[in-house]
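S.K.: model the structure of this input:
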Amino acid sequence: LVGWMKDDRRFRMWQERLRFAIRQWEDAGRDEGALLRGVPLAEAEIWLDERGGEITSEERAYVRAGSELREQREATREARRLEVQSLQRRALRLARAVAALAIAGMVVGIGLAWFASVARLESEQSALEARRAELIARSQSLLAEEDGDAALAVALEAALLPAPDVRVEQALSEAAYAPG
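M.R.: Just a heads-up that it's a prediction; the model follows:
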């Protein structure tokens, strides 16, 4: 009996506090700022479960309004969390795409640099071959004019170019053994 009276006293004190909160809520024009939250709301939900038959419909509606507000805010927080998560995934995909494009750009750049290097080497080789052919032709022309010393000097210049070939050796030989 003492335990029941003690529990009933706690319940009645809570109920009076609840009724006072309801009056404040009504006076505030049912503003959501006057609804129960946190521990007071959890306590009200427990009393509602345990002693629902002793709680008025007005008290029940007030507790339910607090519960609905909590659920609405939780849903809003969850929606925001999901939106942030979605934005993070999109940002990650974008970062990956940018990284892939950067890598592709680097590969293309390296490829272009390699092709440019090869083209430059081929161009230098072509210029070298053209210069060598010009010197050989000049040496042969000088030999035809019977200017052996000049033909030898020009053939020697062709021989001093990088990677002389058989034609250079032949022009040098002809100029060295030419009469005169």
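
S.K.: shaky segments in this structure?
M.R.: For the chain, the stretches with pLDDT under 70 are 1-5, 180.

S.K.: could you redo the last one with a cut-off of 50?
M.R.: By pLDDT under 50, the chain has no low-scoring segment.

S.K.: give me the longest helix you can find in it.
M.R.: Criterion DSSP state H: the longest helix present in the chain is helix 57-144.

S.K.: I'd like the next helix or strand past that helix.
M.R.: Next along the chain after helix 57-144, taking DSSP states H and E as the criterion, comes helix 148-159.

S.K.: and that next one, what does it pack onto?
M.R.: helix 57-144, helix 166-176 (3 or more CB pairs under 8 Å, 6 or more residues apart in numbering; DSSP states H and E). (Glycine included, C-beta is placed from N, CA and C.)

S.K.: what inclination does the longest one have with respect to helix 166-176?
M.R.: By that I understand helix 57-144. 30 degrees (axes from the mean of the first three to the mean of the last three CA atoms, to 10 degrees).

S.K.: helix 57-144 packs against which elements?
M.R.: helix 2-27, helix 38-51, helix 148-159, helix 166-176.

S.K.: I'd assumed residue 135 was in contact with residue 157.
M.R.: Yes - here residue 157 reaches residue 135: they are 5.6 Å apart, a contact under CB atoms under 8 Å.

S.K.: if anything else comes up later, I'll come back, but that's it for now.
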